[in-house]
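Quick one, what's the 3D model for this:
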Amino acid sequence: MSTAHWTTISLSTGPFTVVAAEGIVLASGWTEDPQYLTALIHPTLRPETLTHIDDLGSISTAAVRYDEGDVTAIDDVPVRQLSGVFVTHAWDVLRRVTPGNQVTYSELAERAGNPAAHRAAATTCARNAAALFVPCHRVQRRDGTLGGFRYGLDVKRALIAHEAEHAAKSAA
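Have a look, this model is predicted:
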């Protein structure tokens, strides 16, 4: 992709920047630096040109709706990432983890079809360029601790609490 657009949205968890091309998220996260996010994009998908726009349409709307409490608003936003077969598949599997729920790295590996690949499941989260839209914040260690998160454990805790609160409200 030769050209992509970016915008920064003010969410309750802080400034959230999205890099997208043709309505597809390439990278996103809690930073105001689109170059930081662009460096996370697989080299074959990395745009040559990056242009700021104020609104990414349905992508921006989904992030704001999520922040306002519709924790499923991000589910259908298209995302494009590349890696090895397991990691790429595991990103898709991760998108099906229900908001308000957590899985362990071992459970993610099992859901992705290789129960022994718990280290590869951790790599899935570490290489995820599309935070929030590919919800790696829903993965925790086997002992129940949070593990890492590129944007800090405070953001991860806030996302988990937000989803728990709003998933419970929508289930009631």
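
now Asn137, what's its secondary structure?
One correction, residue 137 is His, not Asn. helix (DSSP: H, G, I helix; E, B strand; the rest coil).

give the contact list for it.
By Cβ atoms under 8 Å, 6 or more residues apart in numbering, His137 lies in contact with Ala131, Phe149, Val155, Lys156, Leu159, Ile160. All C-beta atoms are positioned from the backbone trio N, CA, C, and that covers glycine.

Tell me where the protein has helices.
34-40, 58-67, 85-94, 105-111, 118-126, 153-171 (DSSP state H).

re earlier: nearest to Ala121, of the contacts of His137?
Phe149 (14.7 Å; Cβ to Cβ).

Test my guess that that closest one contacts Cys136.
Yes. With contact defined as Cβ atoms under 8 Å, Phe149 counts as touching Cys136 (7.3 Å).

With neighbour numbers in mind, choose between those two.
Cys136 (26 against 21; other Cβ atoms under 10 Å).

Against Thr88, how distant is the more buried one?
Between Cys136 and Thr88 the computed distance is 14 Å (Cβ to Cβ, to the nearest Å).

Make CSV out of the helices of the chain and add mean pLDDT.
As requested, these are exported to CSV (pLDDT from 0 to 100):
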stretch, mean pLDDT
helix 34-40, 97
helix 58-67, 98
helix 85-94, 95
helix 105-111, 95
helix 118-126, 91
helix 153-171, 88
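
Make a markdown table from those helices and add mean neighbour count and distance to Gly23 to it.
Conversion of the helices of the chain to a markdown table gives the following (neighbours: other Cβ atoms under 10 Å; distance: least, Cβ to Cβ, whole Å):
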| stretch | mean neighbour count | distance to Gly23 |
| --- | --- | --- |
| helix 34-40 | 16 | 17 |
| helix 58-67 | 19 | 7 |
| helix 85-94 | 18 | 18 |
| helix 105-111 | 19 | 27 |
| helix 118-126 | 19 | 24 |
| helix 153-171 | 16 | 24 |
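
Could I get these in JSON lines, plus columns for distance to Thr17?
Listed next are the helices of the chain as JSON lines, based on distance: least, Cβ to Cβ, whole Å:
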{"stretch": "helix 34-40", "distance to Thr17": "6"}
{"stretch": "helix 58-67", "distance to Thr17": "10"}
{"stretch": "helix 85-94", "distance to Thr17": "19"}
{"stretch": "helix 105-111", "distance to Thr17": "26"}
{"stretch": "helix 118-126", "distance to Thr17": "19"}
{"stretch": "helix 153-171", "distance to Thr17": "13"}
